[in-house]
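> sequence plus the predicted model coming up.
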Amino acid sequence: MASYTGGLLRKNKNKLREQNLELEQSRADLKLAAETLEKKNIQLQTAVEKTTESDRLKSEFLANMSHEFRTPLNHIIGFTEIISDKKLGDLNAKQVEYLSNVLQSGQHLLSLVNDILDLSKVESGTLKLELSKLNLRRLLENSLTMIKQKAIKHGITLSIESDGAPETIRADERKLKQIMYNLLSNAVKFTPDGGSITLSTKVISDFEFRHPESMGEEKPSEIKISVADTGIGIRKEDLELIFKPFEQVESSASRKYQGTGLGLSLTRKLIELHGGRIWAESEGEGKGSVFNFIIPAELSWSLHLSL
Ligand code: ADP
């Protein structure tokens, strides 16, 4: 019995030793794996740093290059305008036609270069917000004025609907104008003659801000601005795609329109710079589109506004 127990003990001891060895080996393997992982982590970190740096350099390069392009381009456009305006003498019909082509191409190239410059500035982080208190209604009315002539020419009705819009908000005025101009010029471009464009504003989670005691005070909140048109519409699968740079939806309806395909990606960047977001809605081709964006803004109402 004793020898049986002794045998069992020895056997267990051996087993324990074997298991110990295995454990030792696993520990060594684990250590090795941890070291490899650590090395990989460092490599990954270096790769990320390199990518970020090359991304920054790319944006910086694009920004410099675009800047260098603008001066000669402005010369081409300016001098062509002087000649087309017949300030240097009369022109025949063919000369007028060709100069108008030069002018159109020059302007197209300039808007492309301007958009690339702005986009790369946002990407490299050099485009900063310049916040100020601005009169929202005035800004929206002025934005509509920018597309008014084209709208009248095409019999397109323009209107503003504001649902308790604040008197002033805090935002970057120049960038907000650029956002509005991009959205409205797209709306007027993609809306057939006789259609309509509606600009609307809405305050999000406005309950406490509409309380009489908060009137006249500045409070952080969000404002939603929408541009709705009765135009060519957007397919469901393209609603997100159109915000990508150089993305112009390939449909027979939209191909006849000129553009750079950069407007919406820049618009999205400018809105994100404000800490906001933008999205498009459409029931499909031929059913019109709505572009909505929300930005945080310090809203303030004047006391004379009715509740
Ligand atoms: P661009 O207008 O210069 O082509 P954008 O980035 O502003 O570039 O727009 C990208 C694409 O999104 C357009 O080419 C068009 O296909 C689509 N799009 C933009 N706005 C509208 C709109 N209001 N209605 C229908 N399609 C639109």
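Sure, I can see it. Numbering: from 1, shown residues only.
> quick one: low-confidence ranges for the chain?
Counting by pLDDT under 70, the chain contains low-confidence residues at 1-2, 205-220, 250-258, 299-307.
> who's in contact with the residue of it found nearest the ligand?
Nearest residue of the chain to the ligand: Gly259, at 2.4 Å (Cβ to the nearest ligand atom). Any C-beta I mention is one placed from the backbone N, CA and C, and that applies to glycine too. Shown in contact with Gly259 (Cβ atoms under 8 Å, 6 or more residues apart in numbering): Asn186, Lys189, Gln248.
> what of Lys40?
Applying Cβ under 8 Å, 6+ apart to Lys40 gives no contacts.
> just checking, it is part of a strand?
No - counting by DSSP: H, G, I helix; E, B strand; the rest coil, Lys40 is not found in a strand; it is helix.
> how far away is it from Thr46?
Lys40 is 11 Å from Thr46, where distance means Cβ to Cβ, to the nearest Å.
> pull up the residues of the chain that are close to the ligand.
Taking Cβ under 6 Å from any ligand atom as the measure of proximity, the chain contacts the ligand at 186-187, 190, 229, 231-232, 234, 242, 247-249, 254, 259-264, 289.
> how about the strands in the chain?
Per DSSP state E, the chain carries strands over the ranges 131-135, 157-163, 168-172, 196-204, 219-229, 277-281, 289-299.
> could you check the angle strand 289-299 makes with the first one?
Orientation of strand 131-135 against strand 289-299 (axes from the mean of the first three to the mean of the last three Cα atoms, to 10 degrees) gives an angle of 110 degrees.
> going forward, the N-terminal residue is numbered 61.
Okay, using 61 as the starting number, the last item reads as strand 191-195.
> give the partner strands of strand 191-195 in its sheet and their orientations.
Using DSSP bridges, the strands paired with strand 191-195 are strand 228-232 (antiparallel).
> what does the partner strand rub up against?
189-196, 278, 283, 333-334, 355, 357-360.
> same check on stretch 327-341?
Residues contacting stretch 327-341 (Cβ under 8 Å, 6+ apart): 178-179, 182-183, 187, 189, 231-232, 235-236, 238-239, 242-243, 282, 294, 299-300, 302-303, 349-356.
> domain-wise, how is the chain divided?
Here the domain parsing of the chain from automatic domain parsing is 61-187, 192-366.
> just these: most buried one?
Burial of those is given as mean neighbour count (mean count of other Cβ atoms under 10 Å); domain 192-366 ranks first at a mean of 17.
> fine by me, thanks again.
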